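**Student:** Sharing a model prediction with you, sequence too.
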Amino acid sequence: IKNQSIQNLVYSHQQPSWLASQATKQVLYKDTLFSRDGDGSITSINGLTLKDIQQFYNTHYIPDGSNVVVVGDIDTTQTKQSLEFLQRWKSKGQSPEMITIGNINEPKTQRIYLVDQPNAPQSIVRLARIGMPYDATGPMYLTQLSNYNLGGNFNSRINQNLREDKGYTYGASGGVYGTKETGLVLFSAQVRADATAASIHEFIQEMENYSEKGMTDDELNFMRQAVGQQDALKYETPSQKAGLLSSILEYSLPDDYIVKKTQILQTVDKLTLDNAAKLWFQPQDYQIIVVGDAKRLTPELKKLGIPIQPLEVKR
């Protein structure tokens, strides 16, 4: 398993998408638990022993604080009988301590962080900022709705501009994400190398215009219909229902939060969503990550007037 994991890392670390993702973590979450993903490094995996794995298992694979979600053609009595063996599951020691995340300090000054990939025919462009922790019906959800017409679907302004109008990319998008501890707002595209600086300029222009002027009435109506139709299909299968119940348990959500989300979607006014855009989509609040041929890109990137900082990605 160690050898398989190391080979996977060797492969993934060569991919521009991994470089962009890791660069984003380093820039936004420096010196915290979130500064790299959970796959580890070649050094850390090489250092693992069987004893380490056994100790981790005994410490963390315990019933304390666990929940069981069951979805299927089965009633409560049958379920309890089938899961009766779980009553005999006991932990082998004290409950594990919570892992320390560290202090998240968002960068104050906007920069272009340039990760060199010599001779790359394409570049990955990311505009990223720290967002807000997850919520189901609060500010994060409203910001997701606000983003729908900016970068949240194929017909969004950013995709129509960079893909349809300019032909810089096969696809450009943006999203608003949250966890229990923190959040992320991210706009990204993989673009032609010769259109890297121009693509950043278009991202900035679209975000600036949207955050200042907001969406149109037609965009608001389109968002209501499109998101409503998407949500109607999200919880049809047993696995989707299990996922829904797991989310309710994990985030302590009310049982009717889906109903509340639907009500918000159908009643939220344009001003509320425009205020969310003004708060979260100002382009100057974003760090810009570029993965591409630094020698070729630097002269054009300098014309944007944003400080450029070379970045070495931690593998």
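**Tutor:** That came in fine, so what should we check first?

**Student:** secondary structure class for the nearest residue to residue 105 once chain neighbours are set aside?
**Tutor:** Leaving aside its chain neighbours, residue 105 sits nearest to residue 30 (7.4 Å; criterion: C-beta to C-beta, 6 or more residues apart in numbering). Where C-beta positions appear, they are placed from N, C-alpha and C, glycine not excepted. The three-state label given to residue 30 by DSSP: H, G, I helix; E, B strand; the rest coil is coil.

**Student:** Measure how buried residue 30 is and give me the count.
**Tutor:** 15 (other C-beta atoms under 10 Å).

**Student:** I figured it hits residue 102, correct?
**Tutor:** No. Using C-beta atoms under 8 Å as the test, residue 30 is too far from residue 102 to be in contact (9.1 Å).

**Student:** Return the distance of the residue nearest to residue 105 relative to residue 287.
**Tutor:** Counting by C-beta to C-beta, to the nearest Å, the separation of residue 30 from residue 287 is 11 Å.

**Student:** now swap in residue 243 and tell me
**Tutor:** 32 Å.

**Student:** cool, residue 66 as well?
**Tutor:** Applying C-beta to C-beta to residue 66 and residue 287 gives a distance of 38 Å.

**Student:** Residue 45 now?
**Tutor:** Taking C-beta to C-beta, one finds residue 45 at 29 Å from residue 287.

**Student:** Comparing those two, which residue is more hemmed in?
**Tutor:** Shown here are residue 45 and residue 287; by other C-beta under 10 Å, residue 287 has more neighbours (22 against 17).

**Student:** Break the protein down into its structural domains.
**Tutor:** 2-88, 112-310 (automatic domain parsing).

**Student:** end to end, how far does the last one reach?
**Tutor:** What it means is domain 112-310. 8 Å (C-alpha to C-alpha, to the nearest Å).

**Student:** got it, and the shortest one?
**Tutor:** Between the start and the finish of domain 2-88 there is a gap of 32 Å, counting by C-alpha to C-alpha.

**Student:** Give the rounded mean pLDDT of that domain.
**Tutor:** Mean per-residue pLDDT for domain 2-88: 93.

**Student:** same check, this time on stretch 290-304
**Tutor:** pLDDT averaged over stretch 290-304 gives 98.

**Student:** which outside residues touch that stretch?
**Tutor:** With contact meaning C-beta atoms under 8 Å, 6 or more residues apart in numbering, stretch 290-304 is reached by 16, 19-20, 23, 112-120, 122-126, 193, 196-198, 200-201, 308, 310.
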